[in-house]
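Novice: show me how the following folds:
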Amino acid sequence: MSATFTARAPGRVNLIGEHTDYNGGWVLPAALSVGIEVTLAPRSDSSVAVSSLNYDAPAMRELSDDAVGEWSDPCVGALREANALGLLTGGAALDVTSSVPEGSGLSSSAALIVAILKAAREAAGSDLSDVDLAIAARRVENEYMGVPCGIMDQMAVALASPGSAMALDTKSLDWEILPLPAGHEMVVVHSGLTRKLTDGRYGARKAECDAAKRHFGTEDLCLLDQAEVESANIDEVPKRRALHCVTEHQRTLAAAKALRDGDVARLGHLMSESHVSMRDLFEMSLPEIDTLVETAQGLGAIGARLTGGGFGGCIVACVPASERGVWMAELLKRHPHARFIDAASAA
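Specialist: So this is what the prediction gives:
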C-alpha cells in the first residue's frame, strides 16, 4: 500500500479589501474554522484519481488534461504545479473532505489547491515555504484555471489561522497577523446565491481595471491619488472601478489600524462603507445581497458587507458575541434562503 500524506487549509473570509489584491493594494482576510483536508497518495503514472463525499462524483483525470470547468480542475492544476516544483513525479490519488461551501466566496478553490500542495510538500520532504506554496497556488488559478485572481486567497489560507486576521500588502507580500476584536464575532452568512469566479463577471471587472491601468500608466490602481482619478478624462466605467480600488485600499489600511487600536466601531463603519463602494463603484453586488446587508445592519451588526469576488456568495458582519444568537435567528427568519456558515472570533 502506498504512503499517504494529509494536509489541511482553512477557508477565509475577507473582512475588507475586495478586488485590491490584483491592483497593488492591501487586503484584510481572516481564516475560518471551516476548511478542506486532502489525503494524497502518489502514483507512478500520470493519472489523477479524486474522491470526495462533498462533491458530486469521483473523478479520474490525467495530468495532461486542460481545465474543463469541473470541480476537479483545482486538483489537476495543483498536481501539475507540484510536478513542476519537483514535489511529485507523477499523478496521485486524492481524497478530499470539505466543510467550505462551493460558490460561497470563501476560497474553496484556493484552500483545495494549497492543501494539495502542502500534502505534496510533505510527500517530498521539501523545505518550500508557505509563501512559496501560496505563489504556486495562484499560478494554478491564473494559468491553469484561467481565473485572473490576485494573491490574497492563497496567502490567507496558506498562512493565517482561525482567530486572527492577516493584513497583507499584495504588492510586496509583507504581512502582519492581527487579533480579531475581543467580544465580537465576524459572522459569515451565505446569501443563498452561488457564483463561480470562472463565470466571466470577475474577468470582466479585471478587464475594466486593466483599462484604467492603461489610462493611468500604472499596475497599481490602489496607489493612485483619489483626486487624480476623480478628475481624469476617462470613460465612466473604468473610472468607477479605479475609484473603488483607491478608496478600498485606504479603507483597508484604516481597518488594519482599527484592529491594532481595538476600535471595533471604526472597523464596522469601514466595512459598511466598503459595501457601498462594491455596490455603486465596482458594481459587484446583487439586490438580494444588498437587502441582506441592510437587514444585518438594521438588526445590530456594527458593520456588514459582501465578501469575496462578488455576484453571489456570502456577507460578513461584525456582531457583538453576546447578541449573535438572537441576531442570527432574526436574520434567517427574514431571509429564509440565507444560511449561517461560520463565525471568526479572537482565540
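
Novice: check the offset of the biggest helix by length in the chain from the chain's centre.
Specialist: Identified as the longest helix of the chain according to DSSP state H is helix 236-261. Distance of helix 236-261 from the chain centroid (C-alpha atoms, centre = their mean, to the nearest Å) equals 17 Å.

Novice: next secondary structure after that helix?
Specialist: Later in the chain than helix 236-261, the nearest helix or strand by DSSP states H and E is helix 264-280.

Novice: could you give me the average pLDDT of that next one?
Specialist: Across helix 264-280, pLDDT averages out at 98.

Novice: show me what it is packed against.
Specialist: Here helix 264-280 touches strand 5-16, helix 236-261, helix 287-298, strand 303-307, strand 314-320, going by 3 or more C-beta pairs under 8 Å, 6 or more residues apart in numbering; DSSP states H and E. C-beta here means a position set from N, CA and C on the backbone, and glycine is covered the same way.

Novice: do you know how far I16 is from C318?
Specialist: 10 Å (C-beta to C-beta, to the nearest Å).

Novice: sorry, slip of the keys, the one I care about is T307.
Specialist: 12 Å.

Novice: which of these two has more residues huddled nearby?
Specialist: T307 (30 against 25; other C-beta atoms under 10 Å).

Novice: the more buried one contacts C314, doesn't it?
Specialist: Yes. Here T307 lies in contact with C314, judged by C-beta atoms under 8 Å, at a distance of 5.5 Å.

Novice: pLDDT of the longest helix of the chain, averaged?
Specialist: On average, helix 236-261 scores 98.

Novice: going forward, begin numbering at 30 instead of 1
Specialist: Shifting the count to begin at 30 puts that one at helix 265-290.

Novice: so which bits of that helix are buried?
Specialist: Using 16 or more other C-beta atoms under 10 Å as the test for burial, helix 265-290 gives 267-278, 280-285, 287-288.

Novice: that helix - contacts with which helices or strands?
Specialist: Short answer (3+ C-beta pairs under 8 Å, 6+ apart): helix 265-290 packs on strand 34-45, strand 55-71, strand 193-198, strand 204-208, helix 230-245, helix 255-259, helix 293-309.

Novice: at 6 Å what do you get?
Specialist: For helix 265-290, the helices and strands in contact under the criterion 3 or more C-beta pairs under 6 Å, 6 or more residues apart in numbering; DSSP states H and E are strand 34-45, strand 55-71, helix 230-245, helix 255-259, helix 293-309.
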